[in-house]
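Undergrad: Sequence and predicted structure below; questions after.
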Amino acid sequence: MDRFKMCIFQHRNYNFKTMKYIFYVLVLCIMASCQYFETDKISSDTFYDQEIKTISWNQVDQYPTFVSCQKDSEKKESKACFENTLVSKIYAGLSSRHFVSTRSIKDTLWVSLTISEKGIIFLDTIAMDSLTAASFPELPLWITQSIDSIPTLAPAHKRGVPVAVAYSLPVVLQTK
């Protein structure tokens, strides 16, 4: 019987030693793997560079808006309302002028505009045919005056920040 007890004791001692070594190996593995639990810190410059690469600079999140277009919540509807209102205001300024020509004219003028981050409209260039420019020398002045008469509007936004945008609008000039 003593022998049997001794065998059990040795067996228990053997299990204890084995468990002790397993515990030490497990603790050692956990301590060695701590480096895998660390997160890499990204510098602000790296984060900024990554964000700049993902931004599409050719599109804005919200187009410039007139007061009459603020009811449109969809992006496409807002853009269409803005462009239609802008063109109609330019045409309204030109329709008050008297165009007199000795020949029939059907020409498309390209008006390049910049809308600042404060919502102010600036005329950049007017591209027109030389015959149209010769027939109507005051036309650039009239277009400038009609653009200057447009009230300030809400600027475009990109990621919640007001941004300047450039537009090139066609103005069809046709005499009867």
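TA: Cool, the structure landed.

Undergrad: May I have the phi/psi pair for Y63?
TA: When read as degrees, to the nearest 10, the backbone of Y63 gives phi -80, psi 160.

Undergrad: Please report how far it lies from F82.
TA: Going from Y63 to F82 by CB to CB, to the nearest Å gives 5 Å. The C-beta positions use only the backbone N, C-alpha and C, and glycine is treated the same way.

Undergrad: What number of neighbouring residues does I90 come out with?
TA: By the criterion of other CB atoms under 10 Å, I90 has 20 neighbours.

Undergrad: again, but for the one 10 residues further on
TA: The burial count assigned to V100 is 8, neighbours taken as other CB under 10 Å.

Undergrad: Same question for it, what's its three-state structure.
TA: Classification of V100 using DSSP: H, G, I helix; E, B strand; the rest coil returns coil.

Undergrad: I'd like the next helix or strand past the worst-scoring helix or strand of the chain on mean pLDDT.
TA: Of all helical and strand segments in the chain, the minimum by mean pLDDT, DSSP states H and E falls on helix 2-32, at a mean of 67. Next along the chain after helix 2-32, taking DSSP states H and E as the criterion, comes helix 44-54.

Undergrad: give me the element the residue nearest to V172 when sequence neighbours are not counted is part of.
TA: Leaving aside its sequence neighbours, V172 sits nearest to T108 (CB to CB, 6 or more residues apart in numbering; 5.4 Å). Using DSSP H and E, T108 sits in strand 106-115.

Undergrad: Give me the buried positions along that strand.
TA: D107, L109, V111, L113, I115 (16 or more other CB atoms under 10 Å).

Undergrad: now the last one, which residues is it bridged with?
TA: Just to be clear, that refers to I115. Here I115 shows beta-bridge partners I121, V165, assigned using DSSP bridges.
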